[in-house]
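**Q** Okay, structure incoming, though there's no sequence with it:
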């Protein structure tokens with residue numbers, strides 16, 4: 001799998017020192033010990049891709065809040081331009097989005 005005498009080409013940190021300390025010597029160690037990292041990651045996780053720590057419901061709420069801010073700006077602009085038909089449509093959209101993010 002990987003050689004025990006392998007070391008980082010930049011800081012010369014050997015694998016035994018990394019295993020003992022549990023920390024790298026420099027940023028280049030990630031590349032030098034990538035085979036070791038991949039093997040360890042697959043043993044303790046489902047995959048090697050970080051999916052984030054935020055719950056999906058929280059992310060959806062943040063997206064809706066962002067959309068709501070954009071629609072509010074358009075709503076104010078439509079009122080200033082006296083485009084009441086579009087402003088009414090945007091007002092209804094804002095109501096639906098606010099209902100969607102209520103607890």
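**A** Structure's in. What do you need? All values reported here derive from a predicted model rather than from experimental measurement. Residues are numbered from 1 along each chain as shown.

**Q** What strand or helix carries residue 53?
**A** Using DSSP states H and E, residue 53 maps to neither a helix nor a strand.

**Q** Per-residue pLDDT of it, please?
**A** Note on residue 53: pLDDT of 72.

**Q** what about it, how many residues close to it?
**A** Residues within reach of residue 53, counting by other C-beta atoms under 10 Å, total 6. Just so you know, the C-beta spots here come from the backbone N, C-alpha and C atoms, and that holds for glycine as well.

**Q** quick one, what contacts it?
**A** By C-beta atoms under 8 Å, 6 or more residues apart in numbering, no residues touch residue 53.

**Q** next one: stretch 28-35 to chain centre, how far?
**A** 23 Å (C-alpha atoms, centre = their mean, to the nearest Å).

**Q** If you count neighbours, what's buried in that stretch?
**A** Residues of stretch 28-35 classed as buried by neighbour count (16 or more other C-beta atoms under 10 Å): 29, 32, 33.

**Q** residues contacting the nearest residue to the first one once chain neighbours are set aside?
**A** So the one you mean is residue 29. Nearest non-adjacent residue to residue 29, counting by C-beta to C-beta, 6 or more residues apart in numbering: residue 8, 4.6 Å away. Neighbouring residues of residue 8 by C-beta under 8 Å, 6+ apart: 24, 25, 26, 28, 29, 32, 33.

**Q** Serialize those to a markdown table and add fields for distance to residue 12 and secondary structure.
**A** Below are the contacts of residue 8 laid out as a markdown table (distance: C-beta to C-beta, whole Å; DSSP: H, G, I helix; E, B strand; the rest coil):
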| residue | distance to residue 12 | secondary structure |
| --- | --- | --- |
| 24 | 12 | coil |
| 25 | 8 | coil |
| 26 | 10 | coil |
| 28 | 10 | coil |
| 29 | 10 | helix |
| 32 | 10 | helix |
| 33 | 13 | coil |
